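*Asks:* this one's sequence-less:
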């Protein structure tokens with residue numbers, strides 16, 4: 001083999017560039033996908049760095065440089081050590097992937113490995129294409145607690161097994177951090193279509209191919225996001241990503257060990273799910289007591305707009321946040337809010353219930369009413 005081969009994987013957070021040298025050595029470079037202060041294009045920066053040979057060995061963390069970036073920025077990190085600790089597993093995963101691919105190449109040869117990779121990707125792409133003609137055309141508008149709306153229109157071209165997902169009409173970019181870059185929008189659309197595939201397929205590049213947007217080329221999924229909308233955030237717009245690709249439900253013991261708090265209650269919020277032929281799931285209630293003064297910040301949804309029901313089902317109950325003060329007063333909090341607390345204050349979080357599905361039956365039991373008598377089942 002002569003020359004170098006490159007592989008670029010551009011994610012919503014990081015862009016990974018992998019280079020295979022003529023001596024079979026593999027090199028990797030990781031850079032924030034959207035980092036205008038460092039580079040105009042993370043992929044180009046990665047290729048140039050690897051071509052120049054200026055990168056450190058695979059797995060090296062530029063700890064001091066990264067710490068300086070996150071602490072001296074215009075809006076510095078509140079917990080830089082935790083941020084850096086989160087980077088180490090990512091780098092370890094990169095290294096493990098490099099090692100395993102290198103081992104396969106040594107055992108079977110580069111041509112065979114690349115051929116099978118193409119076969120697997122072609123298979124997953126075909127699985128996604130097969131289900132594209134399943135949905136019908138439709139339009140939907142989703143209103144958030146802030147009043148901003150997301151509008152989406154789906155148009156299916158069954159002859160070409162293609163679909164257009166058009167977000168035209170979505171609210172303009174918000175001054176808050178409730179915006180999303182296009183990479184996150186693409187990942188969300190991919191997730192929805194992946195759930196329609198009944199086959200046991202890997203989530204590899206074959207699934208991502210339908211999300212490519214190439215001028216003049218027909219692609220199975222064409223995603224249209226209007227510039228300037230809250231779904232096309234660009235620097236310096238603030239963004240937030242939560243409850244889409246990850247969520248946190250820390251064990252009580254871990255939370256109490258790391259923070260000066262005590263978890264007083266974690267229970268099902270009975271009756272909060274919307275009625276329907278199939279009742280919506282109930283939310284949860286958490287009561288967290290503070291053992292010293294601090295500031296608490298909330299990022300939550302459905303505090304103003306109830307979770308919708310479907311096919312005649314009723315919406316779920318709104319969520320609520322409040323601080324029950326040690327002096328017996330109560331401070332109500334919004335979905336995105338913060339408050340200073342003192343020792344003895346209790347944060348109460350009531351998550352919303354899910355919407356019901358199908359029209360409720362006149363019989364309350366058939367409508368999804370909760371009953372404790374196990375003989376009913």
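*Replies:* Perfect, I can see it now. This is a predicted model, so every value here is computed, not measured.

*Asks:* and residue 359, how many residues sit next to it?
*Replies:* 15 (other CB atoms under 10 Å). For glycine as for every other residue, the C-beta is placed from the backbone atoms N, C-alpha and C.

*Asks:* pLDDT score for it?
*Replies:* As predicted, residue 359 sits at a pLDDT of 93.

*Asks:* and residue 168, how many neighbours?
*Replies:* Residue 168: 11 neighbours (other CB under 10 Å).

*Asks:* Residue 63 now?
*Replies:* Residue 63 has 11 nearby residues by other CB under 10 Å.

*Asks:* repeat for residue 101
*Replies:* Applying other CB under 10 Å, I find that residue 101 has 16 neighbouring residues.

*Asks:* what does residue 72 give?
*Replies:* 8.

*Asks:* can you give me the helices in the protein?
*Replies:* With helices called from DSSP state H, the chain shows them at 42-52, 63-71, 80-108, 110-131, 182-195, 205-208, 252-258.

*Asks:* so which of these is the most packed in?
*Replies:* Mean neighbour count (mean count of other CB atoms under 10 Å) peaks for helix 205-208 among those, with a mean of 19.

*Asks:* What mean pLDDT does it get?
*Replies:* The model assigns helix 205-208 a mean pLDDT of 66.

*Asks:* Return the member of the helices of the chain having the minimum mean pLDDT.
*Replies:* Among the helices of the chain, helix 42-52 carries the lowest mean pLDDT (a mean of 63).

*Asks:* now the helices of the chain as TSV including distance to residue 276?
*Replies:* Converted to TSV, those look like this (distance: least, CB to CB, whole Å):
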stretch	distance to residue 276
helix 42-52	46
helix 63-71	46
helix 80-108	40
helix 110-131	26
helix 182-195	21
helix 205-208	32
helix 252-258	32
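
*Asks:* which one of the ones you listed lies closest to residue 296?
*Replies:* Residue 296 lies closest, by CB to CB, to one member of these: helix 252-258, at 13.0 Å.

*Asks:* State the distance from residue 152 to residue 108.
*Replies:* Relative to residue 108, residue 152 is positioned 44 Å away (criterion: CB to CB, to the nearest Å).

*Asks:* swap that for residue 230, sorry
*Replies:* For residue 230 relative to residue 108 (CB to CB), the value is 47 Å.

*Asks:* Same check on residue 75?
*Replies:* 48 Å.

*Asks:* so residue 301 touches residue 319, yeah?
*Replies:* Yes - the criterion here is CB atoms under 8 Å, and residue 301 meets it with residue 319 at 7.4 Å.

*Asks:* Now do the shared contacts for these two.
*Replies:* 335, 352 (CB atoms under 8 Å, 6 or more residues apart in numbering).

*Asks:* more crowded one of the two?
*Replies:* Between residue 301 and residue 319, residue 319 has the larger neighbour count (other CB under 10 Å), namely 23 against 18.

*Asks:* what about that one, distance to residue 203?
*Replies:* In terms of CB to CB, residue 319 sits 31 Å off from residue 203.

*Asks:* Could you do residue 125 as well?
*Replies:* 12 Å.

*Asks:* got it, and residue 193?
*Replies:* 11 Å.

*Asks:* measure residue 69 to residue 336 for me?
*Replies:* To residue 336, residue 69 is 26 Å away according to CB to CB.

*Asks:* for the stretch 151-300 of the chain, what spans make up the strands?
*Replies:* 162-166, 221-224, 261-269, 283-290, 294-299 (DSSP state E, counting those that start in this stretch).

*Asks:* Which among those strands is found nearest to residue 65?
*Replies:* strand 294-299 (28.2 Å).

*Asks:* Give me the contact list for the closest one.
*Replies:* So strand 294-299 is contacted by 240, 242, 260, 290, 321, 323, 333-341, 347, 349 (CB under 8 Å, 6+ apart).

*Asks:* Mind doing that once more with 7 Å?
*Replies:* 240, 242, 321, 333, 335, 336, 337, 338, 339, 340, 341, 347 (CB atoms under 7 Å, 6 or more residues apart in numbering).

*Asks:* pLDDT-wise, what's the bottom of those residues?
*Replies:* residue 242 (50).

*Asks:* surely residue 283 meets residue 320?
*Replies:* No - in this structure, residue 283 is not within contact of residue 320 by CB atoms under 7 Å, at 9.6 Å.

*Asks:* Give the residues shared as contacts by those two.
*Replies:* In contact with both residue 283 and residue 320: residue 350, using CB under 7 Å, 6+ apart.

*Asks:* more neighbours, those two?
*Replies:* residue 283 (24 against 20).

*Asks:* show me what contacts residue 345?
*Replies:* So residue 345 contacts 290, 323, 325, 326 (CB under 7 Å, 6+ apart).

*Asks:* Enumerate every residue touching the first one.
*Replies:* Shown in contact with residue 290 (CB under 7 Å, 6+ apart): 260, 261, 341, 343, 345.

*Asks:* Tell me the pLDDT of it.
*Replies:* pLDDT at residue 290 comes out at 97.

*Asks:* Can you give me the pLDDT of residue 275?
*Replies:* 93.

*Asks:* Also residue 372?
*Replies:* So, for residue 372, pLDDT stands at 52.

*Asks:* same check, this time on the one 5 residues further on
*Replies:* Looking at residue 377, its pLDDT stands at 39.

*Asks:* try residue 23
*Replies:* 64.
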